[in-house]
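*Asks:* Sequence first, then the predicted structure:
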Amino acid sequence: MSCSHKTLYVIIPAAGSGTRMHSDKNKLLLEVDGIPVIDRTVAAFKRFSEGSGYDIQAVLVVQPGMTEQWQEYIKDRPAFSVIRKITEGGDTRTASVNNGVHALDTGSDPDAPVFIHDAARCLIDHDTLSRCLDTITRDNVDVCVAGVKLKNTIKKISVKDGTVTVESTPPRELFYEVQTPQCFKYSCLRRCYDDASKEGFEATDDTALAEHFGYEVIIVEGSYSNIKITTPEDIDIAEAIIGH
């Protein structure tokens, strides 16, 4: 690593409604090959801490009114020792992550590396985390994000009277699918979310805030296995990846 930081701060948004899962159970508690989604996600960071030598201090952002339930859930689960604080989310992803940002305790270090990682991306791997950490700790990088090249052709479309029509086919090589972790130096992250709150700017992607406020965002090689558990089919896909 090109930087002497030995603490990695992580915000884990877990406050989504999970409506596309069509389940009465919180999707993060659904099992992938016998282990709950959230447990797999947190365990990945625990293993990364042990393998990298970095102390991980994570904030879990949960649905409003669910703090006590999650505090009870993580009790006596060794992997959850990386969770140092649980805080409530807001009405949107931007609001939820903003609460997580303000819950961080980075001391006075403006360059502290902070990862924002979806709780539902439970197959995040050590190599992707390492590449992201290596990139964000460089002196000239404020923001980076894991991403993969598109495999499919993309069509730009227009819709008129309910009919979808192709306008053009942009070059596939110009596009990446971004994932999490989305990584910031703390001062940049705090500035982006403070300014977004003042401006009322919302985004479903954290690095979109950085783009909006003029920061250069670096793409880091991710992994096609780093899927987000969103629909029932994703459980089957995740189990197939693990089985492979």
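*Replies:* Yep, it's here. Residues are numbered from 1 along each chain as shown.

*Asks:* Which helix or strand contains Arg138?
*Replies:* According to DSSP states H and E, Arg138 maps onto no helix or strand at all.

*Asks:* Look up how far Glu167 lies from it.
*Replies:* Taking Cβ to Cβ, to the nearest Å as the measure, Arg138 and Glu167 are separated by 39 Å. The C-beta positions use only the backbone N, C-alpha and C, and glycine is treated the same way.

*Asks:* neighbour count winner among those two?
*Replies:* For Arg138 versus Glu167, the count of surrounding residues by other Cβ atoms under 10 Å is larger for Arg138: 14 against 9.

*Asks:* which phi and psi does the more buried one have?
*Replies:* phi -70, psi 150 (degrees, to the nearest 10).

*Asks:* Give the rounded mean pLDDT of the longest strand belonging to the chain.
*Replies:* Taking DSSP state E as the criterion, the chain has its longest strand at strand 176-185. Confidence for strand 176-185, expressed as mean pLDDT, is 98.

*Asks:* Alpha carbons of the helix or strand just after that strand, as PDB, please.
*Replies:* For strand 176-185, the following helix or strand on the C-terminal side (DSSP H and E) is helix 186-199. Extracted in PDB, the C-alpha atoms of helix 186-199 (Å, rounded to 0.1, in the frame of the first residue of the first chain):
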ATOM      1  CA  TYR A 186     -13.200  10.700   4.300                       C
ATOM      2  CA  SER A 187     -12.900  14.500   3.600                       C
ATOM      3  CA  CYS A 188     -14.200  14.000   0.100                       C
ATOM      4  CA  LEU A 189     -17.100  11.800   1.200                       C
ATOM      5  CA  ARG A 190     -18.100  14.100   4.000                       C
ATOM      6  CA  ARG A 191     -18.000  17.100   1.600                       C
ATOM      7  CA  CYS A 192     -20.100  15.300  -1.000                       C
ATOM      8  CA  TYR A 193     -22.800  14.300   1.400                       C
ATOM      9  CA  ASP A 194     -22.900  17.600   3.200                       C
ATOM     10  CA  ASP A 195     -23.200  19.500  -0.100                       C
ATOM     11  CA  ALA A 196     -25.800  17.000  -1.400                       C
ATOM     12  CA  SER A 197     -27.900  17.600   1.700                       C
ATOM     13  CA  LYS A 198     -27.700  21.400   1.300                       C
ATOM     14  CA  GLU A 199     -28.600  21.100  -2.400                       C
END
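
*Asks:* Of all the residues in helix 186-199, which ones are buried?
*Replies:* The neighbour-count check on helix 186-199 (16 or more other Cβ atoms under 10 Å) flags 186, 188-193, 196 as buried.

*Asks:* same check, this time on stretch 46-58
*Replies:* In terms of neighbour count (16+ other Cβ under 10 Å), stretch 46-58 has its buried residues at 46, 48-49, 52, 54, 56-58.

*Asks:* In helices, which of those fall?
*Replies:* 46, 48-49, 52 (DSSP state H).

*Asks:* rewinding a little: and the buried residues of helix 186-199, which two are furthest apart?
*Replies:* The two members of those with the most space between them (Cβ to Cβ) are Tyr186 and Ala196, at 15.6 Å.

*Asks:* Just the pLDDT for the residue lying farthest from the centre of the chain.
*Replies:* Outermost residue of the chain with respect to the C-alpha centroid, by Cα atoms, centre = their mean, is Asp161; its distance is 36.7 Å. Looking at Asp161, its pLDDT is 96.

*Asks:* And the longest strand of the chain, what does it pack against?
*Replies:* Packing contacts for strand 176-185, counted by 3 or more Cβ pairs under 8 Å, 6 or more residues apart in numbering; DSSP states H and E, involve strand 113-116, helix 126-136, strand 143-149, helix 206-212, strand 217-221.

*Asks:* quick one: it to strand 217-221, angle?
*Replies:* The directions of strand 176-185 and strand 217-221 differ by 110 degrees, with axes from the mean of the first three to the mean of the last three Cα atoms, to 10 degrees as the criterion.
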